[in-house]
Each structure stands twice: as C-alpha cells, then as structure tokens.
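K.L.:
Here you go, sequence then predicted model.
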Amino acid sequence: MTTFNVEPPFGPVVNGTMIVVFWEYRPSNIAAYLFLALFSLATLGHLVYLVWLRAWIFIPFLLGGICQIFGYFERALAHTSPTVLRPWILQNMLLLVSPPLLAATLYLSHDRIAIALLHHHRPSQPRSCCHTLCCTCSGTKAYILADIIAIFTQLIGTVLPASGTPEAERLSKIVVLVGLLAQLVALGVFLGLDCGRLHARLRRDPGLSRAMVADPGVNWLGYFVVLEVAAGMLVVRSVVRGAEYLEGPGGFVMRHEVFVYVFDAVPMLVVMVGFLVLHPLRLVREVVKLESHAKVEGELAQLREGGSWGGC
C-alpha cells in the first residue's frame, strides 16, 4: 500500500520505505511567486524586442523564459501539494531545460556581433567564410548540438525517477549529469576560446573593427561583457546543479531550497536582464545604420570629387 509523508521529506512510501523523494522541504510559494513575476517581466521585455528588432534568434531565449515562468509556477503549487507527482516533475523538467535554450541564443548572438564588428570591416570578404580572427561559423553548430544533448538528456532524466525503482533513479542521475556536463563543456570552450579571445583582441586593437573606430562613443565592448557574464552565470548554475545530482537525495544541496534560488533562479534572471540592458541585435542594428551612413557619405564624396555636386 502506498502512503505519503505529511512532513518533510515528501514522497510516496511503500511498505514503510520512501521509494522517491519529491521534496526534502516544503517549497516556498512566496519565493516561487516572486521569481515567477520577475521572469514574467523579463520575458515580456524580450517579447517586445523580438517583435521590434525582428530578433528571431531569440525565439529559444523566449521559450527559456517561458519555461522559467511555468517552472516556478509549479513550485508554487507544490507548496500546498508537496506529495503530488505532477508539480515535482514539471518544475524539475522546465527549470533544467530552460538554461540550454538561453545558451543557444547566447552562441547565436556572439556570431551576430562578430559578423557585425568584423565582417563589415572587409566588405569584399564573403559572409560564409570564417574570419581570420574568430571563426564565427564552425563552433556554433557544436555548441548548439551540446545544447540539444543537454535538453533531451535532462528531459529523459527528470521523467525516469517517477517509476520509483532504484535502477531508474540511478539511470536518471547519470543521464542528467551527462547533459549538464555537455552544456558545461560547451560553455567553457565558448567562454574561453570564442568570446574571450575576440573580446581581448578588440580591446587590444579597436582598429580591427571599422564600426568601433567610426563611433567610439558606443559601448561596443560592453556587449561582450554581457555575453561573458551570461556564460559565467550558466556555468555556475550547471556546476551547482551537477553537485546536486552527484549528491543525490539527502545531499546538502538538495536539502536546502536556497540553492535553487541563489544558484539557479538568480543567475538565469541575470542572463535575461543583461540581454535586455544590452540586447545584441541593437548593436547589430547600430552597425548596419553606421555602415549605411558611411556608404552614403562615400557616394557623396565621389560625386563632389567628380564635379557633379552643387551644380558644377
């Protein structure tokens, strides 16, 4: 006969043994509703940018924000129903899947920024070709493949424990850790090899980008800081989540709800707000306008030199 504990830890008990631990504590509905509201505002802001800037590469980012909203909604429901299976599975699934969706847009945004700042510097160079300073077309596919692996492994890993068997719980732990490791490796390589290297070279020699030379007043390098902070937040979140799954039920991380908010909710909110403050496609839009203005100025200069200006 299956019963449920009325005090933490919460979960189904068969023959006096808890087969699955849903919660080591009663989830806070106040904290859950607070972050639900914050993620709702951030997601709404990105929806506005999506339409205004036609930022289609931010569709995964928007989906990640929606996952955060409903993930914390399910945690809020679990406050009054900690022994119900659905909120436990859904919040876990949504909060694990959201970061890879945010990371996918991070990689695509870096490509757009690199193309805007470097490829416009050499108009004769085909866009399909990798720039000598930073390859913007080889690494992204690998990063997104790692994200896809992370999404599917974590979806599978969150469902497996529902069967209640020890084998399923062990397999779930391994599958989720594989997904977290794939995402962590991709983020580490991206942060050190792609984003960090390009940032360092542009800081050392802003003349590599015609746009940065033409308008030094614009905070071009600030966009790289946002990318790097976002990647760093995703790394921190993945490390803490990995520690949580390595320890398993009864571990220090899993027994304290504060870790979910300090090392998962707050970092993901920082990522979403950071991209609101300095949205990558705003930079791309400014570069395009700058290039168009420079082109018009060049054509006018040619007309003046040719004696066709001012009625001459």
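P.N.:
Here it is on my side, so go on.

K.L.:
which ones are touching the closest residue to Gly248 other than its chain neighbours?
P.N.:
For Gly248, ignoring the flanking residues on the chain, the nearest one in space by C-beta to C-beta, 6 or more residues apart in numbering is Lys173 at 6.3 Å. (Glycine included, C-beta is placed from N, CA and C.) Residues near Lys173 by C-beta atoms under 8 Å, 6 or more residues apart in numbering: Gly157, Tyr245, Leu246, Gly248.

K.L.:
With neighbour count, secondary structure and pLDDT added, can I get the residues you listed in a markdown table?
P.N.:
Conversion of these to a markdown table gives the following (neighbours: other C-beta atoms under 10 Å; DSSP: H, G, I helix; E, B strand; the rest coil; pLDDT from 0 to 100):
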| residue | neighbour count | secondary structure | pLDDT |
| --- | --- | --- | --- |
| Gly157 | 23 | helix | 88 |
| Tyr245 | 20 | helix | 89 |
| Leu246 | 12 | helix | 90 |
| Gly248 | 14 | coil | 82 |
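
K.L.:
wait, which of those residues is closest to Pro100?
P.N.:
Closest approach to Pro100 among the contacts of Lys173 (C-beta to C-beta): Gly157, at 12.9 Å.

K.L.:
My read is that that closest one contacts Glu169, right?
P.N.:
No. Counting by C-beta atoms under 8 Å, Gly157 does not reach Glu169; the two are 10.2 Å apart.

K.L.:
Distance from the chain centre to the host helix or strand of Phe61, please.
P.N.:
According to DSSP states H and E, Phe61 maps onto helix 59-80. Chain-centre distance of helix 59-80: 14 Å, with C-alpha atoms, centre = their mean, to the nearest Å.

K.L.:
quick one: the strands in the chain?
P.N.:
Taking DSSP state E to define them, one finds strands in the chain at 2-4, 12-14, 17-18.

K.L.:
which stretch in these is the model least sure about?
P.N.:
Among those, strand 2-4 carries the lowest mean pLDDT, a mean of 61.

K.L.:
for stretch 184-201, which positions count as buried?
P.N.:
Leu184, Ala186, Leu187, Phe190, Leu191, Asp194, Cys195, Leu198, His199 (16 or more other C-beta atoms under 10 Å).

K.L.:
I'd like the residues you listed as JSON lines, with pLDDT and distance to Ala162 appended.
P.N.:
Output for the buried residues of stretch 184-201, formatted as JSON lines (pLDDT from 0 to 100; distance: C-beta to C-beta, whole Å):
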{"residue": "Leu184", "pLDDT": "94", "distance to Ala162": "26"}
{"residue": "Ala186", "pLDDT": "94", "distance to Ala162": "28"}
{"residue": "Leu187", "pLDDT": "94", "distance to Ala162": "29"}
{"residue": "Phe190", "pLDDT": "92", "distance to Ala162": "33"}
{"residue": "Leu191", "pLDDT": "90", "distance to Ala162": "35"}
{"residue": "Asp194", "pLDDT": "86", "distance to Ala162": "38"}
{"residue": "Cys195", "pLDDT": "88", "distance to Ala162": "38"}
{"residue": "Leu198", "pLDDT": "84", "distance to Ala162": "44"}
{"residue": "His199", "pLDDT": "82", "distance to Ala162": "44"}
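
K.L.:
Now tabulate those residues in TSV and tack on distance to Val258.
P.N.:
Converted to TSV, those look like this (distance: C-beta to C-beta, whole Å):
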residue	distance to Val258
Leu184	22
Ala186	28
Leu187	24
Phe190	29
Leu191	26
Asp194	33
Cys195	30
Leu198	36
His199	33
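
K.L.:
In helices, which of the residues you listed appear?
P.N.:
In this view, the buried residues of stretch 184-201 that belong to helices under DSSP state H are Leu184, Ala186, Leu187, Leu198, His199.

K.L.:
out of the residues you listed, which one sits closest to Phe61?
P.N.:
Of these, the one sitting nearest to Phe61 (C-beta to C-beta) turns out to be Leu187, at 15.3 Å.

K.L.:
Test my guess that the closest one contacts Arg237.
P.N.:
No. Look at Leu187 against Arg237 with C-beta under 8 Å: they stay out of range, at 9.7 Å.
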